[in-house]
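# Predicted model, plus sequence, below.
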Amino acid sequence: MAGYETLRYEERGGVAWITLDRPQVLHAFDTVMMHEVHRCWSELRANDDVNAVVLTAAGDRAFCTGVDRNAAAIGDADRPRDIGQQGATPLHFDDPGDWLPPKTAGRLWKPVIAAVNGMACAGAFYLLAEADIIIAAEHATFFDPHTTYGMASVFESMMLLQRVPIGEVLRVSLLGAHERMTARRAYEIGLVQEVVRLDDLADAAARVAEAIAAQPARAVQATVRAIWYAQELGYRQALDVGKTLVHLGSDDRDLAEGQALFASGGRIPWRAR
C-alpha cells in the first residue's frame, strides 16, 4: 500500500486512513489520483488487517473539488484522458465513476467513514455518495456547480439521490454555484451523520472507525452489503438476497464469542449521540 503520489496512507488499529493530498488544487482529482484511489480500494479488499476505512483530505480548506480540468496529467480539458468519450462514437464513454466510488468502482464492502474537512463539491460526490458514514467539520460545505458552467449534473446527482431526498438533490444540482449547503443542513437531511468542530474531526472519525473495526469483519461486511442491496434492489428481492447474506455473514467462532460475552454479563461501554 505504498508508492502513492496523490494520497497519504496509513493503518492504525484495524483502520486504514486515506488522505487526499493535492492541497494546491483543493484535492481536485487528476488521472493519477483517480487511478491511485481505485488501486487503494482494490488493495483494501484483500487486506485482512483492515476492517474499516477513514477517507479525508489534507488541510482544512477542502475535502475534494471534483475533476482538475487544468492538470497536465488529465490532458485536453474538453476530452481528458480517462474521462469522456473514447473513440469516434459515443458508445465508449469513461467517467470518474469508473475509478472513484468505493463500491461501484472498488467493489469494497469494508465500511468507509468520510471525514469532510472543508469544501466538497462536484466530483466529491463520487466518493461521498458511496461512503457509509459521513462526519463533517462545522465549516464544511456541499454544492455542485456543474449547471452554472454549462454541464449537466448527471452521475453526481444520481449517486447523491441514494442518500438524500429528491428535492434536496434537485436544489443542489440546479442552483449550481449559487448556493452551498452547510454541514448543519447536510446533517438535517441525512447526508451527514455527525457535525463536529474541525479540531475534533479526526477523533470523531477514529472513534467510529475503531469501534466498527473491533467487531467481527464478516458480520460487518455482510451488514454493509445487505444495506446497499436494499438500496439497489426491490424490497422483496433484497429480502431474498438477505437469506444468503445471513449465512455468509455468520461465522461459528464469532457467534460463540459473542454468546460467551453476552452470557458473562459483559457490556460494551457506549456513548449517546
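Received it, and whenever you're ready, just let me know what you need.

# now the strands: where do they sit in the stretch 101-250 of the chain?
Shown for the stretch 101-250 of the chain, the strands assigned by DSSP state E, counting those that start in this stretch span residues 112-116, 119-121, 133-137, 141-143, 181-182, 194-196.

# Check the offset of the last one from the chain's centre.
What that stands for is strand 194-196. With C-alpha atoms, centre = their mean, to the nearest Å as the basis, strand 194-196 stands 16 Å off its chain's centre.

# Listing partners with orientation, what would you give for it?
strand 133-137 (parallel) (DSSP bridges).

# Give me the distance from the partner strand to the chain's centre.
Worked out by C-alpha atoms, centre = their mean, strand 133-137 lies 10 Å from the chain centre.

# Quick check: buried residues in that strand?
Within strand 133-137, the residues that count as buried by 16 or more other C-beta atoms under 10 Å are 133, 134, 135, 136, 137. C-betas here are computed from N, CA, C, even on glycine.

# Who does the third one form a beta bridge with?
The reference is to residue 135. Where residue 135 sits in a bridge, its partners, by DSSP bridges, are residue 115, residue 194.

# how about it, what does it touch?
Residue 135 makes contact with 113-116, 192-196, 201, 204-205, 208, according to C-beta atoms under 8 Å, 6 or more residues apart in numbering.

# hmm, which of those are the buried ones?
Here, 16+ other C-beta under 10 Å leaves 113-116, 192-196, 201, 204-205, 208 buried among these.

# so which of the residues you listed comes closest to residue 36?
Of all the buried ones among the contacts of residue 135, residue 114 has the smallest distance to residue 36: 17.1 Å, by C-beta to C-beta.

# What's the separation between the residue nearest to the closest one when sequence neighbours are not counted and residue 198?
Spatial nearest neighbour of residue 114, excluding adjacent residues (C-beta to C-beta, 6 or more residues apart in numbering): residue 131 at 3.9 Å. Residue 131 sits at a distance of 19 Å from residue 198 (criterion: C-beta to C-beta, to the nearest Å).

# Spatially central residue for this structure, please.
Nearest to the mean C-alpha position of the chain, by C-alpha atoms, centre = their mean, lies residue 131 at 2.8 Å.
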